[in-house]
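**Q** Mind looking at a prediction? Sequence and model below.
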Amino acid sequence: MSNSYYPQPRPPILPYRPVPNSYPRLPKRPRRRLPIILLFTGLTLAMITICGALVLGSTLFSFLGSFNRLTTLPLVNTPVPTLTPLKVYQVVGKPTINAQFINSVLEYYNSPASRKGQALYDDGVKVGINPAYALAFFLEESNFGTKGVATVTHALGNIRAVSGEAQYKGYRAYKTWEAGFADWYKLISEKYVGQWHLTTVEKIIPIYAPSSDANDEGQYIRTIKIAIERWRNGYVDV
């Protein structure tokens, strides 16, 4: 009897392939920008604070400097000019400023002759010369003793020396500022006014400071006139 049984063939074995995850992925967390924003804000505020401190410090420093100047210099009012300008600038006459005002001017310009205002005033009154003109000459000649040979000679005006006189580089030299003031007043009152009868700035300057001696006569006269007007109206600076 023949065998009629034929077994069925086995199906082939397939390789394992994992099934993709069918679950949905979780969303990514957004990047945290808050720390960066806070850091940037902090740096900005720090810069603003530093800049503000620098500006405040500079302002305070300037204020303290100005305050110190106000406390060290004499307090002088600065009124609005009201006086009519002079028609004639004559050195002979009554004082138009006082000793205290002279000291204020000298101190304002850091003159080495500071606090000598009383001597400058008294010497002028004695010989009938307005001390304001002496002060104006002092300004033009040496910026109140701060420039030129006057820093050594103690001279109000740079007066040429002659043989036998104490001198420095050809100019009269004095031991004190007071001696220099007195000699200038003597020169103006005795020679220019007494002998030559020259009393106005326009007539004195061409002889006192001639252009032949490298002087600008016009500028010299203008400086004196401006100074006289400023001081007549109460201003310290020229």
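**A** Perfect, I can see it now. Note that this is a predicted model, so its numbers are computed, not measured.

**Q** Tell me where the chain has strands.
**A** When assigned using DSSP state E, the strands of the chain occupy the ranges 167-168, 171-172.

**Q** The first one - what's its average pLDDT?
**A** Put plainly, it is strand 167-168. When pLDDT is averaged over strand 167-168, the result is 96.

**Q** Relative to the whole chain's centre, how far out is that strand?
**A** Relative to its chain's centre, strand 167-168 lies at 33 Å (CA atoms, centre = their mean, to the nearest Å).

**Q** Need the residues that contact it.
**A** Residues from elsewhere that reach strand 167-168 (CB atoms under 8 Å, 6 or more residues apart in numbering): V149, V152, T153, A161, A173. In short, each C-beta sits where N, CA and C put it, glycine included.

**Q** got the residues you listed as JSON lines, with pLDDT, neighbour count and distance to N143 columns?
**A** Supplementary listing: the contacts of strand 167-168 in JSON lines, determined by pLDDT from 0 to 100; neighbours: other CB atoms under 10 Å; distance: CB to CB, whole Å:
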{"residue": "V149", "pLDDT": "97", "neighbour count": "18", "distance to N143": "12"}
{"residue": "V152", "pLDDT": "98", "neighbour count": "12", "distance to N143": "14"}
{"residue": "T153", "pLDDT": "98", "neighbour count": "22", "distance to N143": "14"}
{"residue": "A161", "pLDDT": "96", "neighbour count": "17", "distance to N143": "21"}
{"residue": "A173", "pLDDT": "98", "neighbour count": "19", "distance to N143": "18"}
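
**Q** ok, these vs S142, which is closest?
**A** V149 (7.7 Å; CB to CB).

**Q** quick one on the thing from earlier: need the max-distance pair from the contacts of strand 167-168.
**A** V152 and A161 (12.7 Å).

**Q** List the residues that are in contact with both of those two.
**A** A173.

**Q** for this structure, which spans come out with low pLDDT?
**A** By pLDDT under 70, the weakly predicted segments of the chain are 1-35, 55, 57-81.

**Q** picking up where we left off before, can you tell me which of the contacts of strand 167-168 is nearest V125?
**A** The shortest approach to V125 among the contacts of strand 167-168 belongs to T153, at 24.3 Å (CB to CB).

**Q** Surely that closest one touches K175?
**A** No: here T153 lies out of contact with K175, judged by CB atoms under 8 Å, at a distance of 10.0 Å.

**Q** what's the burial count for the closest residue to Y108 other than its chain neighbours?
**A** For Y108, the nearest residue in space outside its immediate sequence neighbours is V236; the separation is 4.9 Å by CB to CB, 6 or more residues apart in numbering. Taking other CB atoms under 10 Å as the criterion, the count of residues near V236 is 18.

**Q** again, but for Y89
**A** The criterion is other CB under 10 Å. On that basis, Y89 has 20 neighbouring residues.

**Q** How much space separates it from A132?
**A** Note on Y89: its distance to A132, by CB to CB, to the nearest Å, is 10 Å.

**Q** Now list whatever residues contact both of those two.
**A** Common neighbours of Y89 and A132 (CB under 8 Å, 6+ apart) are I228.

**Q** Start from the N-terminal end of this protein and give the helices.
**A** 34-72, 99-108, 117-127, 131-142, 150-153, 177-186, 201-208, 217-232 (DSSP state H).

**Q** Now render those helices as TSV, adding distance to Q195.
**A** TSV is the format used below for these (distance: least, CB to CB, whole Å):
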stretch	distance to Q195
helix 34-72	44
helix 99-108	27
helix 117-127	14
helix 131-142	18
helix 150-153	24
helix 177-186	12
helix 201-208	11
helix 217-232	21
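
**Q** Thanks a lot, see you next time.
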